[in-house]
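Colleague: Have a look; sequence and predicted model below, questions after that.
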Amino acid sequence: MKIVHNYSNYKIRILLFLFLFSISAKNYIAKAAPQKKEIPVITLSSHPDDGKAYSWQMMRVSEIGATGEEISQSKYDTKSWRPAIIPGTALNSLVANGECPEPYFGQNNKRINKQIPDIADVGREFYHFWYRTTFSTPKDFDGKKVWLQFDGINYIADIWLNGHKLGSIKGMFLQKKFDVSQYIKSKGENCLAVSVEPVEYPGTMLSRKKENAAPNENKNGGDGKIGKNVTMLMTAGWDFTFHDGIRDRNTGIWRDVKVFASGDVTLENPFVKSKLPIPELSPARESISVEVSNHSAQDRTVELVADIENTSVRISKKVNLKAGEKQKVVLTPEEYNQLVIENPKLWWPINKGEQHLYTLNLTVKADGQVSDTVSKRFGIRDIRSDRNTPDQSRIFYVNGKRLFIRGSNWIPEAMLRTSKERTFAQLRYTKQAGINMLRLWGGGISESDYFFDLCDEMGFLVWHEFWMTGDTNPPLDTAVYFGNVRSTIERIRNHPSLAYYVSSNEQDNILDIKPILNNLDGTRGYQFQSECCGVHDGSPYKYENPMQYYDNTASNRGSRIDGFCPEYGTACLPVIESLRRMMPEDDLWPINKNTWDYLDGNGFHNMTTKYNTAVEQYDTPENIEDYAKKGQLVGAVAYRCIWENWNYNKYEYGDRFASGVLFWYHNSPVPQVCSRMWDWYLEPTAALYFAQDALEPLHAQFDFIKNTVSVYNELYQGFEGLRVNFRLVNMDMKTILEKETHINLDEDAVANDVLKIDLPTEKLSPVHFIKLEVYDKDDNLISDTFYWRSKNEYQGPWTVGGPLHGGFESLSELPKTSLAYQVEKNIENDQTIYTVHLTNKTDKLAFFNRLKMVNKKNDSLISPAFYSDNYFSLLPGENKDVMIEITEKDSAKDIQLVLEGFNVKAQIINDKN
C-alpha cells in the first residue's frame, strides 16, 4: 500500500505503528493467546469469540423443586427453562429473553422507576438461578484425567456433573478446577448444572450520610454493605456509572467454563521470576517455578522439561513424587547456568522501547509419555518505585530509567457485557492515545487474561487493586478474600505489564495481603491503599473551566497538578449518533435534565450545568445536532488542556515537581452523556484525538495564561537543533504574528517557555488561531498543534470565560468551504484500510473536520473503526492523510465514508476501487 503524507518520516512511522501493528483484530486476538495444550480445551460458552457455541439454560431456584442431583442428569426435563448467556449475568439473560427492559436506555435502569427489580427490594432469591448445559468430550480425552475449570462465578456456586456434586465456589475472583475423571462420560452427553446465588450482602442505594444526600441521591457504594463481599463493588452504584447500581449486582457465571484433559501428572501455576541488574541490564537471572502434582495412587519419577523459545534455555530435571503429592519445583540460575541470559531483549512500556516477550514451555513426562504441558509468556524488565523526589511523591522507574506516568483509571463494563473484540478495541484506542499505565480501580474487577496479554503487547503498565474501597465495608469472610487474592496473583503474575499492587482504593482499614504478595510474587511494588505512600488524593472529576488547569485551581481541594495524582479528569459529550442510541428522541431536545442527569451519574459531571454553559459559549445551539457538534469542541479542549498541564510540570522542569497522573476515568461503564475518549458504543469522541495530540512522543504546546510555547519529549532519545515555530492567524486567515526559536532537547525532558508571546491584542479577531510546529535538524516536521483562542479574558477560578472557555460565538461566522480529497482502499490479510488524502485548496479555514464510516443499510456508524486522526482543522494550503482501519466483519457491509466539519458541508467521499 502506497502512503503519501505531508509529515516527516518520523511521524509516518508513528502512524504506521499505531494502525498497522496488528494485521487485523482477528489475527491480533489469535496472537494474544500464549497458553497451549496438546489436547484441546473445550470452552463452554454460549457466545464464544471463536469456536463452538454451547446452549445454556437457566431457571430460578424458587421456581423448581428439583435437586442438583436430578437437574444435572440428561433425562431431566428443561422445556420450561429460559435460554442463558454464559459467560454473563442473570440480568443480561433476562433482558435478552425480554423479561426486563434494556437497562442501557433512558431511565429504564432507574431503581425508583421499578422497571427492573432490584435485589434489595425483591430479595436475593429473585436472582438465584440454576444454570444448565450439556456437552460431549472428544476422543482425545479417552483414558485421560478430565478437568472442569471455572474462571469466575459471582458469587456462590454449587456445581454438579452427571448427578454428582463436585464442590462449591465463593468469591467473584476465584479460579477453580475440579477433577471430573470419575464422573465424565467419554461417550454420549454430559450434563453440567450450577446453582449460582447472589452476593450475601447486596446493599441498598441509601446514603450513609443522609444530611449530605439530595433526594434519590446514592452515596458511592450505597449503604456500604456491598464491601462485605469479595466482588465488584461498583454494582451498588457510583457517581461515574448508574448512581443507583446494577439491579442484580452482576450475579452469574461471568467468566469462561472450560473442560480439558491431562495425564496423571499435571503442571499448575508456572512462574518466571526475573532479576535484572540496574543500570547494567545484563545478565538477566531467571528462576522458574511450577507445581507438579501426582494424581495417581503410586509413587512416580517424572521428567520436567523447560524451554524458553528462541533462546538456548532447555532444561530437564527428574522429579520424585509420592502418590497424591503436589510438589513445587524451582529451577534456579544457581543450579542451571542456562538461566543466566546475557544481553536479554527487554520489555519496555509504550514509547520507551520494544515490548519483547519470551515464551516458556513446560512439559512433564511420565513413563516417557507427555502427561501435561503449559506455556506462559513473560518479559524481562525491572519495574520499581520510590519516594526519592523533592516532595516525597512516588516515582516509577522501568529498567533503571525514570518513567513519567501519563496513565488512566480503567473501569469495567458495568454489567460485564464484554468480549475480546470490545477489550481489543478499547486497548487499541488506549495505545493510540499514548497512555502508559492503567489502574484497575479497587471497586472494579481483576481483568481477563486477554486484557493482560494485550497490555503486554501494547506496552501498558497495570496498577492492580484488590476489591476494597473506602466507600464500603471491608470483606467479612477473610478466608474467601485471601483465597481470591491468591488465585488472582497466580493467574496474572507472569505478565510484564503488571507493575504495582495496591490493597484498596482510599481505605486504611484493609486486610493485609503483603505476606501473600511476597510469597507468591515478590517482584512488584506494593502500597496498602491508593492515597498514601507518596500518592496524594484525587480530583477534579467533573467538567470545569479549562483555564483552571493552568492556574491549578480546578479542584477546591487545592493544588492538584503536582506529585503523583491517582485521579484527575473531566468528561466529553458523546457524538450525536451515540446520544440517539442511549435515550428516547424526546429526551434529546430540549434536553430532558432528568434523563441526562441519570446518564451522568446523577448529574455528577456537570453535563447539564457547567458543560452546558461551555457549549453555549459557541453560540446558542439550534438543535441537538448543533449541540452535539459544539459539545465535541468543549470536550476536546478540556482533555488536551489537562494533559498539557501535566506535561508542563513533568519532573523538575515545571513550576512544581510532578511524577505522574492517572486520568479519571478511562472508559464508559455504561452509555453516558459524560463520555470519555470513546463512548460505550466504542465510537471515538474528539477527546481521543486531542489527547493523542497532547500525548504524542514529541509535542509542542501553548500555555494560555503565561502565553508561552513549550516542547515535551517522552522518548529516551535527545534531539539537537530543533526548530520551534509559532504562528498566530486571524479569522480572515491573515498571519499577524510569527516567531521561531532553535533548541536542543534532552531525552525524557521538557523545554518549557522556549518562546514568550506578546499577543497583539488590538489586532486580534474575536476568535483567532495558533499553529505550533517543531522541525528536526533536517527540517522534517515532527510535531504540529492547532488551537483556537478567543479574546475573552479569564476572570479567575470558578468563573465563566477566558480564552479557552468563552467568546467563541463568532466561529459560526466562518465562511463555508470544502476540502479536496482522494481515497484509497486496500485489503491486506482480510483487513480493510482506507487512506484519505485531504487538501485545503481554498483561502479559508476548514475547521474541526470529522470523518465517519456509515453503514448505508441503516445509517449506523461502523464502530469500532480506527482513525489515525479526526476532528482536525486545515489552514489554507495544508493537507492531511488519515488512515482508517475496520474489522473483517465490517468489511463486508455496504459502507460509505462521510466528511463533515464545523464549516465544511457534509459530503460522501468515495474510494475509486
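Modeller: Arrived safely, thanks for sending.
Colleague: check contacts around the residue most central in space within the chain.
Modeller: Closest residue to the average C-alpha location of the chain: residue 410 at 4.8 Å, with C-alpha atoms, centre = their mean. Counting by C-beta atoms under 8 Å, 6 or more residues apart in numbering, residue 410 makes contact with 438-441, 444, 447, 665-667. The C-beta positions use only the backbone N, C-alpha and C, and glycine is treated the same way.
Colleague: Specify the beta-bridge partners of it.
Modeller: Residue 410 has these beta-bridge partners by DSSP bridges: residue 440.
Colleague: how about the contacts of residue 410 in CSV, adding distance to residue 571 and pLDDT?
Modeller: Converted to CSV, the contacts of residue 410 look like this (distance: C-beta to C-beta, whole Å; pLDDT from 0 to 100):
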residue, distance to residue 571, pLDDT
438, 19, 98
439, 18, 98
440, 21, 98
441, 17, 98
444, 19, 98
447, 23, 98
665, 9, 96
666, 12, 97
667, 12, 96
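Colleague: In a markdown table, list those along with neighbour count and distance to residue 187.
Modeller: Converted to a markdown table, those look like this (neighbours: other C-beta atoms under 10 Å; distance: C-beta to C-beta, whole Å):
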| residue | neighbour count | distance to residue 187 |
| --- | --- | --- |
| 438 | 26 | 47 |
| 439 | 28 | 50 |
| 440 | 23 | 44 |
| 441 | 29 | 48 |
| 444 | 25 | 43 |
| 447 | 19 | 38 |
| 665 | 22 | 51 |
| 666 | 23 | 49 |
| 667 | 23 | 46 |
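Colleague: And the furthest pair within those?
Modeller: Spatially, the most separated pair among the contacts of residue 410 is 447 and 665, at 14.6 Å (C-beta to C-beta).
Colleague: Report the contact partners of the residue lying closest to residue 584 once chain neighbours are set aside.
Modeller: Once flanking residues are discounted, residue 584 sits nearest to residue 106: 5.5 Å by C-beta to C-beta, 6 or more residues apart in numbering. Listed by C-beta under 8 Å, 6+ apart, the contact set of residue 106 reads 582-584, 587, 595, 598.
Colleague: Adding distance to residue 779, neighbour count and pLDDT, write those residues out as JSON lines.
Modeller: Shown next, in JSON lines, are the contacts of residue 106 (distance: C-beta to C-beta, whole Å; neighbours: other C-beta atoms under 10 Å; pLDDT from 0 to 100):
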{"residue": "582", "distance to residue 779": "48", "neighbour count": "23", "pLDDT": "98"}
{"residue": "583", "distance to residue 779": "51", "neighbour count": "21", "pLDDT": "98"}
{"residue": "584", "distance to residue 779": "55", "neighbour count": "12", "pLDDT": "98"}
{"residue": "587", "distance to residue 779": "53", "neighbour count": "20", "pLDDT": "98"}
{"residue": "595", "distance to residue 779": "54", "neighbour count": "21", "pLDDT": "98"}
{"residue": "598", "distance to residue 779": "54", "neighbour count": "25", "pLDDT": "97"}
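Colleague: before we move on, back to that, read off the pLDDT value for the residue nearest to residue 584.
Modeller: Note on residue 106: pLDDT of 98.
Colleague: Name the helix or strand for it, please.
Modeller: Using DSSP states H and E, residue 106 falls within no helix or strand.
Colleague: Over to residue 456?
Modeller: Counting by DSSP H and E, residue 456 is part of helix 449-458.
Colleague: tell me the SS of the residue nearest to residue 101 when sequence neighbours are not counted?
Modeller: Leaving aside its sequence neighbours, residue 101 sits nearest to residue 108 (C-beta to C-beta, 6+ apart; 4.6 Å). Here residue 108 is coil, with the state taken from DSSP: H, G, I helix; E, B strand; the rest coil.
Colleague: The one 4 residues further on too?
Modeller: Taking three-state DSSP as the rule, one finds residue 112 in the helix state.
Colleague: for the residue nearest to residue 101, what are its contacts?
Modeller: Taking C-beta under 8 Å, 6+ apart, we find residue 108 in contact with 101-102, 115-116.
Colleague: Return the members of those classed as buried.
Modeller: Among these, those classed as buried by 16 or more other C-beta atoms under 10 Å are 115-116.
Colleague: Secondary structure for the contacts of residue 108 - can I get that in CSV?
Modeller: Output for those, formatted as CSV (three-state DSSP):
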residue, secondary structure
101, coil
102, coil
115, coil
116, coil
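Colleague: and which of the contacts of residue 108 is nearest to residue 339?
Modeller: The shortest gap between residue 339 and any of the contacts of residue 108 belongs to residue 102, at 54.3 Å (C-beta to C-beta).
Colleague: so that closest one makes contact with residue 96?
Modeller: No: counting by C-beta atoms under 8 Å, residue 102 does not reach residue 96; the two are 9.7 Å apart.
Colleague: residues touching residue 314, list them.
Modeller: Per C-beta under 8 Å, 6+ apart, neighbours of residue 314: 305-307, 338.
Colleague: Now, those that are in helices?
Modeller: Assigned to helices by DSSP state H, none of the contacts of residue 314 qualify.
Colleague: most neighbours, which of these?
Modeller: The most crowded member of the contacts of residue 314, judged by other C-beta atoms under 10 Å, is residue 306 (23 neighbours).
Colleague: measure residue 663 to residue 557 for me?
Modeller: Using C-beta to C-beta, to the nearest Å, we find residue 663 at a distance of 17 Å from residue 557.
Colleague: Have a look at those two and say which one is more surrounded.
Modeller: Higher neighbour count among residue 663 and residue 557: residue 663, with 26 against 12, using other C-beta under 10 Å.
Colleague: ok, and the closest non-adjacent residue to that one?
Modeller: Nearest one to residue 663, counting by C-beta to C-beta, 6+ apart, is residue 408 at 4.1 Å.
Colleague: if I look at the one you found, how far off is residue 690?
Modeller: Using C-beta to C-beta, one obtains 15 Å as the distance from residue 408 to residue 690.
Colleague: coming back round to it: looking at the contacts of residue 314, spot the one nearest residue 268.
Modeller: Closest approach between the contacts of residue 314 and residue 268, by C-beta to C-beta: residue 306, at 14.6 Å.
Colleague: Assign the residue nearest to the closest one when sequence neighbours are not counted to helix, strand or coil.
Modeller: Nearest residue to residue 306, sequence neighbours excluded (C-beta to C-beta, 6+ apart): residue 315, at 4.7 Å. Recorded secondary structure, residue 315: strand (three-state DSSP).
Colleague: what sits against residue 315?
Modeller: Contacts of residue 315 by C-beta under 8 Å, 6+ apart are 288, 305-307, 331, 336, 338-339.
Colleague: biggest separation within those, which pair?
Modeller: Using C-beta to C-beta, those span at most 14.1 Å, a distance reached by 305 and 339.
Colleague: quick check: mean pLDDT across stretch 829-845?
Modeller: Averaging pLDDT along stretch 829-845 yields 93.
Colleague: and what of stretch 700-716?
Modeller: 98.
Colleague: what distance separates stretch 697-705 from the centre of its chain?
Modeller: 26 Å (C-alpha atoms, centre = their mean, to the nearest Å).
Colleague: ditto for stretch 366-376
Modeller: For stretch 366-376, the distance to the chain centre is 36 Å (C-alpha atoms, centre = their mean).
Colleague: Over to stretch 414-433?
Modeller: 6 Å.
Colleague: Let me know whether my guess that residue 169 is in a strand holds.
Modeller: Yes: per three-state DSSP, residue 169 lies within a strand segment.
Colleague: hang on, isn't it packed against residue 178?
Modeller: No: using C-beta under 8 Å as the test, residue 169 is too far from residue 178 to be in contact (9.6 Å).
Colleague: So for these two, which residues contact both of them?
Modeller: residue 159.
Colleague: Which of the two has more residues huddled nearby?
Modeller: When neighbours are counted by other C-beta under 10 Å, residue 169 comes out ahead of the other of residue 169 and residue 178, with 24 against 16.
Colleague: State the distance from that one to residue 326.
Modeller: In this view, residue 169 and residue 326 are 20 Å apart by C-beta to C-beta.
Colleague: Tell me how many other residues surround the closest residue to residue 548 other than its chain neighbours.
Modeller: Leaving aside its chain neighbours, residue 548 sits nearest to residue 554 (4.1 Å; criterion: C-beta to C-beta, 6+ apart). When neighbours are counted by other C-beta under 10 Å, residue 554 registers 29.
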